[in-house]
Every structure is written in structure tokens, then in C-alpha cells.
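Engineer: Generate a structure from the sequence data that follows.
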Amino acid sequence: MMDFPVGDDPQPDHYSPQAKMKDEVPEPVLGGDALLEDEFVEEQECRTVDEAEQLLDNPVPNAPDAYELDYGMPDGVDPYVDCQFRQFAHENGVSGEMAQKLVDFHNSLEAARYQDHQTQAGEWERQTRALPGWHGNNYRKNMGVANKALQAFASPVLAKMIRESGYSCHPEVVKAFYNVGRRLTEDSYVDSTRNTPRKKTIGEILYPNQPI
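Structural biologist: Okay, here's the model as predicted:
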């Protein structure tokens, strides 16, 4: 009788085929294609039943106006946006619960974007304060000059847009109005017809080479 060389045992000491058969789901190798097809059909049927139960638990409202939505805004949402979203949700079979989840998800994105913008606005203010000649008390003084120019040139609508967009501290915006404001305060000349000093008009400042 031949002696076979004994190598390393590939199975660990605690290996148990019985335990393996009990814990793991067997791979459908045996049984042929018919068995695989039967299992696939059963899986699809179970999935269809689950989806049907979910529809029963979370039905699609009968009409767009039937959605009960909480936009989480004190002043509500734009009526046009609300109408468009309701139409979209109803046409695409979105349940009331899922529609609210979409609203909440959108609100979370908007909140994150607003926080990012606030962080950026704070960075713009730090950049403006770091401009040469803007340190310390000069910041308030120079801002006064810039605001004087904004009041002279910008309409109330533009001023509101700058304030609400967060660009009121953007260094480029501030410098632009500051330079105009400085010209407004520095430029003056003697009116030869009246022999009295007076400040130049806005047109004279912007177009100094044009004849008066």
C-alpha cells in the first residue's frame, strides 16, 4: 500500500461542512436552468407584491392640489413653483410621502448652499479689511466713501440686490464704489462764470474731457 505525502491541511481545525450548509445560502448550481428561472420568477413576484403594498400604504393623491406639503418656509413658497412641483409629482406617480421627502431634500440642499455662501461672504469681508489702507478705523471711513457713491449712482433695486446677494463686502465691488466716491469728494473747481468753487457734476467726473 502506497503512502501518500501529507501536506498542509487546507481546511482549518474548526471547519464544519454541516455548519457551512446551515449558515450559507447555497449557490443555485445544481438543478439546471429551469430551477434558476423558477427562482427568478418567484423573486419578481415577491418584488411586485412589495411594491403594491407600498402603493397601498403611500397612495398617489387623486389630484395635484391634494398633496399636503410642508415647505418649511414662514412665507411659503412661490405659487408658480408649488404648482409646477405638484403637477410633476402627480404626473409621475409620486406618492404624498415621497413628495414631502423630495421637498425636505431640496430644503437641505438649499440650507447647505446658503451656509456655503455665508462662509464665502465672510471671507470677502476679511479680504476687504486686509486691503492696503483699509486696516483698523480706515475700514469704516472708506466704507462711508463707498456708500456715498452707491447712494449717488445705484438705484434702490441695485442696492437691495447687492445687499441680499452678499456682495456688499466683496472687495472688487467695494473698491469700485470707493474709487467713485473718492472722485466725488475730491473733484471740485472754480466756476469762472460765477467765480465760486463748486463740486463737479457726475457727468463731469465720468467724462472729464467733454466740454461743459
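Engineer: only C-alpha atoms for contact and neighbour calcs from this point on.
Structural biologist: Will do.
Engineer: Pull out the buried positions in the longest helix anywhere in the chain.
Structural biologist: Longest helix in the chain, counting residues (DSSP state H): helix 96-129. Judged by neighbour count (16 or more other C-alpha atoms under 10 Å), helix 96-129 contains these buried residues: 96, 99-100, 104, 121, 124-125, 128-129.
Engineer: what's the average pLDDT for that helix?
Structural biologist: Averaged across helix 96-129, pLDDT comes to 93.
Engineer: Quick one: list the elements packing against it.
Structural biologist: Helices and strands touching helix 96-129, by 3 or more C-alpha pairs under 8 Å, 6 or more residues apart in numbering; DSSP states H and E, are helix 171-186.
Engineer: which parts of the helix it packs on are buried?
Structural biologist: Buried residues in helix 171-186, defined by neighbour count with 16+ other C-alpha under 10 Å: 171, 174-175, 177-178, 180-181, 183-184.
Engineer: Quick check: Lys121 vs Val94, distance?
Structural biologist: You called it Lys, but residue 121 is Ala. If you measure Ala121 against Val94 using C-alpha to C-alpha, to the nearest Å, the figure is 38 Å.
Engineer: one step back: could the buried residues of helix 171-186 be laid out in TSV, adding pLDDT?
Structural biologist: Output for the buried residues of helix 171-186, formatted as TSV (pLDDT from 0 to 100):
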residue	pLDDT
Pro171	94
Val174	94
Lys175	94
Phe177	93
Tyr178	93
Val180	91
Gly181	90
Arg183	86
Leu184	80
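Engineer: any chance of the residues you listed in CSV, with distance to Tyr80 too?
Structural biologist: Output for these, formatted as CSV (distance: C-alpha to C-alpha, whole Å):
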residue, distance to Tyr80
Pro171, 36
Val174, 36
Lys175, 39
Phe177, 37
Tyr178, 40
Val180, 41
Gly181, 41
Arg183, 46
Leu184, 45
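Engineer: Could you list the low-confidence segments of the protein?
Structural biologist: By pLDDT under 70, the low-scoring segments of the chain are 1-58, 187-212.
Engineer: rerun at 90
Structural biologist: The model of the chain has pLDDT under 90 over residues 1-60, 62, 72-77, 136, 152-154, 164-166, 182-212.
Engineer: all helices of it, in order?
Structural biologist: 17-23, 32-57, 79-91, 96-129, 138-153, 156-165, 171-186, 202-206.
Engineer: For Met73, which of those helices is the nearest?
Structural biologist: Nearest to Met73, of all the helices of the chain, is helix 96-129, at 9.4 Å by C-alpha to C-alpha.
Engineer: Mind picking the one among the buried residues of helix 96-129 that's closest to Ala63?
Structural biologist: Lowest distance from Ala63 to the buried residues of helix 96-129 (C-alpha to C-alpha) belongs to Gly96, with 10.8 Å.
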